[in-house]
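Q: Here's a sequence, model it:
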Amino acid sequence: AAARALSKTAFVAGGAYCGARGMKNIAILGGGLMGNGITQVTAQAGFNVTMVDISEELLAKSHKNIDKSIGKALAKMVEKGKMSEADANAQKEETMSRIKGIVSAEEAASTADLVIEAVPENLELKQKIFASLDKVAPKECIFASNTSSLKIKDIQATSSRGDRFAG
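A: Next up is the predicted model:
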């Protein structure tokens, strides 16, 4: 519980930072467990999110999973008397309306202020993705990798954004 609260606090602080920088559009690459979670909290923080995955079927599955996750979290809030059911439904609808799914990473990155990659832990795959996106993303766009075992300097090696690359 403490780790979740700390994580939520860090994201809210990060969201304030992103909002202060004028960020509105965030692209999330990968609709697996991590990508779904990042998409959900990013949309709940008020950003427009474009989730990218390799097929429409996987995007539909991710959308369904996120919808279910938000519904469960809000149902607990209603159960605890922290919000009305009408407010929970409105919040869920508003959050889900901020999420769109597409299969083109390049299209998503072309209008993104921030790109967060959450694909499998494969250095060559990550490098290939960022090399491709580097050509189409706006100059000010920040790239981030959700990696647990690879070095960020190795992932960003194919990008010209060393000063705008996070992990």
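Q: correct me, but Gly46 touches Glu94?
A: No - with contact defined as Cβ atoms under 8 Å, Gly46 and Glu94 do not form a contacting pair (9.1 Å). All C-beta spots, glycine's among them, are computed from the backbone N, C-alpha and C.
Q: what comes up buried for stretch 147-162?
A: For stretch 147-162, a neighbour-count test (16 or more other Cβ atoms under 10 Å) marks Thr147, Ile152, Ile155, Gln156, Thr158, Ser159, Arg161 as buried.
Q: now do stretch 42-53
A: Thr42, Ala43, Gln44, Ala45, Phe47, Asn48, Val49, Thr50, Met51, Val52, Asp53.
Q: Could you report the pLDDT at the third one?
A: Put plainly, it is Gln44. Model confidence at Gln44, expressed as pLDDT, equals 94.
Q: Report the two of the buried residues of stretch 42-53 separated the most.
A: Using Cβ to Cβ, the buried residues of stretch 42-53 span at most 21.0 Å, a distance reached by Ala45 and Asp53.
Q: that older thread, narrow the buried residues of stretch 147-162 to those in helices?
A: Those of those mapping onto helices are Ile152, Ile155, per DSSP state H.
Q: how about the buried residues of stretch 147-162 in a markdown table, adding distance to Gly30 and pLDDT?
A: Shown next, in a markdown table, are the buried residues of stretch 147-162 (distance: Cβ to Cβ, whole Å; pLDDT from 0 to 100):
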| residue | distance to Gly30 | pLDDT |
| --- | --- | --- |
| Thr147 | 11 | 91 |
| Ile152 | 17 | 94 |
| Ile155 | 14 | 94 |
| Gln156 | 17 | 92 |
| Thr158 | 18 | 92 |
| Ser159 | 17 | 91 |
| Arg161 | 19 | 89 |
